[in-house]
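Student: attaching a predicted model along with its sequence, questions to come.
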Amino acid sequence: MRNRRLFLSICMLSVAALPLSGVRSFSGNLAVAAGSEDHGGQITSRYDGFNHETIVTLKKMKVTCAGSGGNFKDACVSIVATLHCPGVQLDYVRYATLQLVFETKDWDQRHALDQRELSVVANGETLRLGRMDLLVQSVDTLMSETLQIEVPYAAFKKIALAETVDLSVGPSRFALRDKNLMALRDLHNLVKLATGS
């Protein structure tokens, strides 16, 4: 038991010693808020004791309000990216999740079940990542739809390190901005070992 406590203490100290870009705060429970004046994104980290994993997230970040074609001609699109690291560490990522948030004034515009296939073109390479799940759909002043997919870390790494990234979900198509790509690179740089299954 004593060795286990010592091991966990060493893990916590090694995580605390990692260089974190734009770190604003850090505590022993791995709570960190990072932001960069260059890209404006916010990155947080926390330990999830129920799932025994460290979760590092790029919070909701605007991609475009110029619309995305298809059903969402007048929509704002945002992205959320999360890395899932088993245990109390930032050395290894098991997988990543990507969320796309569509917001529009036209409440009847949404992605039907057969319009949720996510494809990404990163530096000219096409990644067919599969069907996104509907996470949240709400109708208030704006119609908001959040789609989510779990992807291998290797696919996330290709996206994060690419110079150009275009996404399509069914008929909706849009490109990540330079600021989005910088934020995804910052998220990627928080982990030391770029592997995952």
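Tutor: In hand now; what should we look at?
Student: give me the number of residues near Val139?
Tutor: Val139 is surrounded by 11 other residues when neighbours are defined as other Cβ atoms under 10 Å. To be clear about C-beta, it is placed using only N, CA and C from the backbone, and glycine gets the same treatment.
Student: any figure for the gap between it and Arg110?
Tutor: Summarising the geometry, the distance separating Val139 from Arg110, computed by Cβ to Cβ, to the nearest Å, is 10 Å.
Student: who's the spatially most central residue of the chain bridged to?
Tutor: With the centre of the chain defined as its mean C-alpha position, the nearest residue by Cα atoms, centre = their mean is Ala81, 0.4 Å away. In this structure, Ala81 has the following beta-bridge partners (DSSP bridges): Leu58, Leu98.
Student: okay, it: pLDDT?
Tutor: Note for Ala81: predicted pLDDT of 98.
Student: show me where this structure has its strands.
Tutor: Read by DSSP state E, the chain holds these strands, from start to end of the chain: 23-26, 32-35, 42-48, 53-64, 76-86, 95-104, 117-122, 125-131, 133-139, 143-151, 165-169, 172-175.
Student: for stretch 58-78, measure first residue to last.
Tutor: 11 Å (Cα to Cα, to the nearest Å).
Student: ok, now stretch 84-93?
Tutor: Using Cα to Cα, first and last residues of stretch 84-93 are 6 Å apart.
Student: give me the mean pLDDT for that stretch.
Tutor: Per-region confidence: stretch 84-93 scores 93 on mean pLDDT.
Student: next one: stretch 155-171
Tutor: Confidence over stretch 155-171 (mean pLDDT, whole number) is 95.
Student: so who does Asp166 touch?
Tutor: 120-121, 173-176 (Cβ atoms under 8 Å, 6 or more residues apart in numbering).
Student: partner residues bridging it?
Tutor: Bridge pairing for Asp166 (DSSP bridges) gives the partners Val121, Ala175.
Student: quick check: it vs Asn189, distance?
Tutor: 23 Å.
Student: swap in Thr44?
Tutor: Counting by Cβ to Cβ, the gap from Thr44 to Asn189 is 15 Å.
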